[in-house]
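Chemist: I'd like to go over a predicted model; first the sequence, then the structure.
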Protein chains: 6
Amino acid sequence: MRIKVINPNTLEVMTQGINETVKMVARPDTEFVTVNPSRGPISIEGMYDSYLAAPQVIEEVLREKEKYDAYIIACYGDPALEAVREITEVPVIGICEASLYIASLLAPNFSIITVIPRVIVPLQQLVAKYGLAQRLASIRVTNLSVEEFAKDLVAGQRALLDEGRKAVVEDRAESLLLGCAGMAGLDAMMEKELGVPVIDGVAAAVKLAEALVDLGKKTSKINTYKYPEKKEFKGMAKIFQP
Amino acid sequence: MRIKVINPNTLEVMTQGINETVKMVARPDTEFVTVNPSRGPISIEGMYDSYLAAPQVIEEVLREKEKYDAYIIACYGDPALEAVREITEVPVIGICEASLYIASLLAPNFSIITVIPRVIVPLQQLVAKYGLAQRLASIRVTNLSVEEFAKDLVAGQRALLDEGRKAVVEDRAESLLLGCAGMAGLDAMMEKELGVPVIDGVAAAVKLAEALVDLGKKTSKINTYKYPEKKEFKGMAKIFQP
Amino acid sequence: MRIKVINPNTLEVMTQGINETVKMVARPDTEFVTVNPSRGPISIEGMYDSYLAAPQVIEEVLREKEKYDAYIIACYGDPALEAVREITEVPVIGICEASLYIASLLAPNFSIITVIPRVIVPLQQLVAKYGLAQRLASIRVTNLSVEEFAKDLVAGQRALLDEGRKAVVEDRAESLLLGCAGMAGLDAMMEKELGVPVIDGVAAAVKLAEALVDLGKKTSKINTYKYPEKKEFKGMAKIFQP
Amino acid sequence: MRIKVINPNTLEVMTQGINETVKMVARPDTEFVTVNPSRGPISIEGMYDSYLAAPQVIEEVLREKEKYDAYIIACYGDPALEAVREITEVPVIGICEASLYIASLLAPNFSIITVIPRVIVPLQQLVAKYGLAQRLASIRVTNLSVEEFAKDLVAGQRALLDEGRKAVVEDRAESLLLGCAGMAGLDAMMEKELGVPVIDGVAAAVKLAEALVDLGKKTSKINTYKYPEKKEFKGMAKIFQP
Amino acid sequence: MRIKVINPNTLEVMTQGINETVKMVARPDTEFVTVNPSRGPISIEGMYDSYLAAPQVIEEVLREKEKYDAYIIACYGDPALEAVREITEVPVIGICEASLYIASLLAPNFSIITVIPRVIVPLQQLVAKYGLAQRLASIRVTNLSVEEFAKDLVAGQRALLDEGRKAVVEDRAESLLLGCAGMAGLDAMMEKELGVPVIDGVAAAVKLAEALVDLGKKTSKINTYKYPEKKEFKGMAKIFQP
Amino acid sequence: MRIKVINPNTLEVMTQGINETVKMVARPDTEFVTVNPSRGPISIEGMYDSYLAAPQVIEEVLREKEKYDAYIIACYGDPALEAVREITEVPVIGICEASLYIASLLAPNFSIITVIPRVIVPLQQLVAKYGLAQRLASIRVTNLSVEEFAKDLVAGQRALLDEGRKAVVEDRAESLLLGCAGMAGLDAMMEKELGVPVIDGVAAAVKLAEALVDLGKKTSKINTYKYPEKKEFKGMAKIFQP
């Protein structure tokens, strides 16, 4: 089985971090590549960043369509998720959605620890769209940007632990979700310190991708996720023409 | 007051139709332009189209940022709406959101008549995000694509009337929403035939834009809609750099 | 266009304050009158007051039915709103409903600052009825009655600012709503101090009324808001007989 | 124990019907009177009727405040319910709310059979306010007005049975609620024919009133239902002055 | 009328306490027995305890099926409630459900004061299932187990008062619910101290059982609560064979 | 990795069918046993059956606690799920919950095809508890009991296909869920005929169990799913004593 993991931003050190996590959790017989587009925002912290990263996510899927058995979008805002489900039959997993379902199997509720305050409302809306708002104990932020987190992992881990602890103690969260792909790999350390399940969306997505491929399941193409309608995309690269 | 109306797709005949409606409803002292990007999908019918049209919507706003007092995104999926709210302080109105509020002032519920089945689920999710799912009597489709509708307006109007009538009779809708900017201007004809308020999102958005500008209100920049974070957008045109 | 603005209580100084706001925001070509009934509670703070003010609101509309193009009910509990929609075809706007939609176009959430604790639950229920409970960050109170607020505007403004600031800082509200018509006109001062959009429901309602009249839209008369059934109203003034 | 049952409309034959039901279900030691105001609409079918009946309901309670241990508002729209809870400490029961709770103890869902289509939306909103929207299988109407129902009970019962049967068969309702006080007493006949519990709100309210009085429970006066604020009610009868 | 009150746990002192409350509130003509199974957990604090107590609750009903006019399940988790509704036609009341409806007739919201933190989530889910989550101000715990509460009533009452006071002051609860059958009988003391209605689910259930029997209402047997399907229950006592 | 799959009923032919499916989807290195209790209902169709099967499910887990890395409860009502999460640290998966998450990764909505009408309401409540009610297009039934289905697989498959087709065509379901463990293994046949993803909860649960074990994740023991409180279980086998 071959899985393509797409980091929607252009921060290569983060792509490497994601790749480390994928390597650690993927089964031996799972082949994978972790890529990021060459164009686009260096990090995704808000809807502007997200919308400007989305076409490159789509392009990463279109470019080598027949080659993969599943795709993972490794940004916690799940950018372009439904669009990618339209252009391929193989399963497409967003790390936010993946983390929500995995956590729900282990605990009755969860808090998300993410980067900066401006993404709180978009994440609330995303969780509500997936239907799990009633399980959301809180969304807390480290107040470190994606880049700051990447540059000073020690400070980042301290902030994650601080906010995770507050989520458990003050918000009664019974599990925690790492709300940024830049936090990939930090779940074990946090679990050890805090004593609750901590879900890394990247790891969760890899295992769900493997599960869906094992089951031979494909994305429903009957209506909402049908292939895009045949139409002209003026002035756009040929790869985008449906 | 100057309003920029952006048709996110590249179908110029539709831009003209939208412009006709704007002209008809704008106040004499309201200046406006109606534009469409030169690049991108000829119509928007699904999330793939929507995500690939979004950057050009953003670009249309960035290009002449200081010149306008409000922006209207004239596609019923409200593509890139929150992103545009991040990059300007002036009000930004999506025609779906506009139509929902205007209808809610006139009737206790509404049905949306839109184009093809694949957009039903995304519209349900959009209405739910705005909080008005409990007022949604139904979403019905003409089964004509945006282009088919534009090419054969007679067939289009007949289908609109047929579905609108079913929404009123079978689904007990007390108002109707035109679920595509390509239907702009058809509200009066439908009202006359069906006897319930019919809301054209384009017209609704123009009046709400005028209202907000009159009130001197600006988009909240305190958190979610703050200007994008300063960061590198690799390989992208200078206009997109925050 | 002629708009009748009805203050449902009998506090004339408040009617004058509302009128000042209407004058300030109405377009030059909008004619308006601001009235209050001669009978009824001097202020509306609870459902008892509200129900006893409602018939006089209805009477104010019935009395000069053909003369106006829109009605505004200028009390934040929107008393008798649906009833008035039954007795006229022209748009009827409640200032609570108006403020919710205007705020939702500018910010992802809002707090309401209102008068005394007993109106918190009725306002929660009203916001939920309009569908926007998920956008409600909090309801806060000045702990000043309508009359106290009217008598000591300095204390009133201080309390408004204090509670508004707490809503922004503690409840993460990204916009604020003035939860009493007696606060009309104080939005600009608060915006300047607090840096978030502050919506005055009276002003919002005026602009929405103008918008609906411009669009030529009428209240749906197909079912829920049909004219009242013909029937006897025993012992009541002729004006109330349907 | 003394209970005052208030029919908010002025249709005396309906008051007598309600009284028959009360007599049938009240315990031997329960004293009661069933009254209707001398002023107001002959029936309540919509919010206009409801708001114009409300002050007289309030007056019926104020007039003899110390004399009763509980009040019942015998109209399925529960008009003025919260207002009446403000002006007395003894329990106040609306027949809609009563029927919802009693039905919920006997069946997992219910349909309401009521009079004419215009009350469907207000009833949906009322059920949602009480929190039981998820248990509402459907609202169906006999298409007979309150007066028509009162005049031709045979036609009324036939329509009730027809719609009740459809609710059970087509909407999978497992219990039925009589959605108008004018239908009081018809539950037994319907149960026999349809084989599901049929709840008469008047009967339900009587038993809940007895239950609350037996328990010695009073309405919470700590905030929302506090006695009305002391204030002037201009030009209104002394009885209404708080 | 004969009512069987079943304490699902095996703590006899608690059964006696429940019986005291039943005796105090039941009408003189209501016969009742209060029992507990001889097998099963000494208290119910979590879903493990609940599932292991359920069969004995069922057995208590099956054992003397024709003898009673109503059953009460006197544990705040309402264990086996729907199952018991399947095996008898007479009304079956759970004390949690009962307390929610009684409180809702007296106050716009409520807090539940219960035993230990692990039951908070199951109670939230139970309240949501009954539809009243929007009225739930908070769930607070005494941090005393059922047995500790039974052994040291003084400490128990102090903790109840402390948490009840916090619910009223900090969570704005306008009524309180005793969230454990072991607290039966403490409502009056708390009401006196705290000034809000306090509902004892056992007492509430007794009065609702009397109400339903008076009305002659039976559980709906049309679908969900039909008698169990005829089938083999391998290796189980004959009493359990449908 | 060792997984114990528990069929909560006592129908051995169904246990064998479940085992076939587990064998087909489990990875080569996954060891598993599929068992059913020796006591209890031959099938589970309602809450009575469910509550009487629950203790034996618990017993199956307690009996060999240290031996397994995950447990699967293979009945679509997920009986005793939370209780089992209390008594072990390893992941516990219910096949209903599993199927909901897997389907949600492949399609925007789903219908459940299950056995007989009486389980519709309990399944609606279960889906709502997991938060995914908004994705539920419909619940349809074959009208065949579990035993009838097991005895006449040809009739069963025909009914499944018929109802599945109606769900897709009439209810616009974009994926289907097999709502009974007795239908295990029929997903591929249905997918081929109906062209939408069909999820077999047993297969879904196996893959999710493998995923969770791979990730090294354990059930949260911090509060709700803590080990049962130490207490006496009177008259019950030693195995049940916490």
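Modeler: Yes, it's here. Note that this is a predicted model, so its numbers are computed, not measured.
Chemist: is chain B within reach of the helix or strand bottoming out on mean pLDDT in chain A?
Modeler: Ranked by mean pLDDT, DSSP states H and E, the helix or strand of chain A with the weakest confidence is helix A:146-151, at a mean of 90. Yes. Shown here: helix A:146-151 in contact with chain B (Cβ under 8 Å from any Cβ of the partner chain) through residue A:147. To be clear about C-beta, it is placed using only N, CA and C from the backbone, and glycine gets the same treatment.
Chemist: which SSE is immediately downstream of that helix?
Modeler: Going down the chain from helix A:146-151, the next helix or strand is helix A:153-169, by DSSP states H and E.
Chemist: does anything pack onto the helix or strand that comes right after that next one? Which helices or strands?
Modeler: For helix A:153-169, the succeeding helix or strand toward the C-terminus, using DSSP H and E, is strand A:176-178. Where contact means 3 or more Cβ pairs under 8 Å, 6 or more residues apart in numbering or on different chains; DSSP states H and E, strand A:176-178 is packed against helix A:95-104, strand A:110-114, helix A:153-169, helix A:187-194, strand A:198-200.
Chemist: neighbouring contacts of strand A:176-178?
Modeler: Residues outside strand A:176-178 that contact it (Cβ atoms under 8 Å, 6 or more residues apart in numbering or on different chains) are A:76, A:99-100, A:103, A:110-113, A:160, A:164, A:167-168, A:184, A:186-187, A:190, A:194, A:196-201.
Chemist: residue numbers of chain A in contact with chain C?
Modeler: So chain A meets chain C at A:117, A:120-121, A:128 (Cβ under 8 Å from any Cβ).
Chemist: can I get the residues you listed in TSV with distance to chain F, secondary structure and neighbour count?
Modeler: Below are those laid out as TSV (distance: Cβ to the nearest Cβ, whole Å; DSSP: H, G, I helix; E, B strand; the rest coil; neighbours: other Cβ atoms under 10 Å in any protein chain shown):
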residue	distance to chain F	secondary structure	neighbour count
A:117	25	helix	17
A:120	20	helix	21
A:121	19	helix	22
A:128	9	helix	18
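Chemist: ok, those residues vs chain B, which is closest?
Modeler: residue A:121 (4.3 Å; Cβ to the nearest Cβ).
Chemist: which SS class is the closest residue to residue A:16 other than its chain neighbours?
Modeler: Excluding its sequence neighbours, the residue lying closest to residue A:16 (Cβ to Cβ, 6 or more residues apart in numbering or on different chains) is residue A:34, at 7.9 Å. Classification of residue A:34 using DSSP: H, G, I helix; E, B strand; the rest coil returns strand.
Chemist: could you report the pLDDT at residue A:34?
Modeler: Predicted confidence (pLDDT) for residue A:34: 98.
Chemist: how close does residue A:134 sit to residue A:104?
Modeler: 11 Å (Cβ to Cβ, to the nearest Å).
Chemist: what residues are shared contacts of those two?
Modeler: In contact with both residue A:134 and residue A:104: residue F:131, using Cβ under 8 Å, 6+ apart.
Chemist: who's more crowded, the two?
Modeler: residue A:104 (21 against 17; other Cβ atoms under 10 Å in any protein chain shown).
Chemist: center of chain A, which residue is that?
Modeler: residue A:95 (2.6 Å; Cα atoms, centre = their mean).
Chemist: doesn't residue A:79 make contact with it?
Modeler: No. Residue A:95 is beyond contact range of residue A:79, at 10.7 Å (criterion: Cβ atoms under 8 Å).
Chemist: sounds good, over and out.
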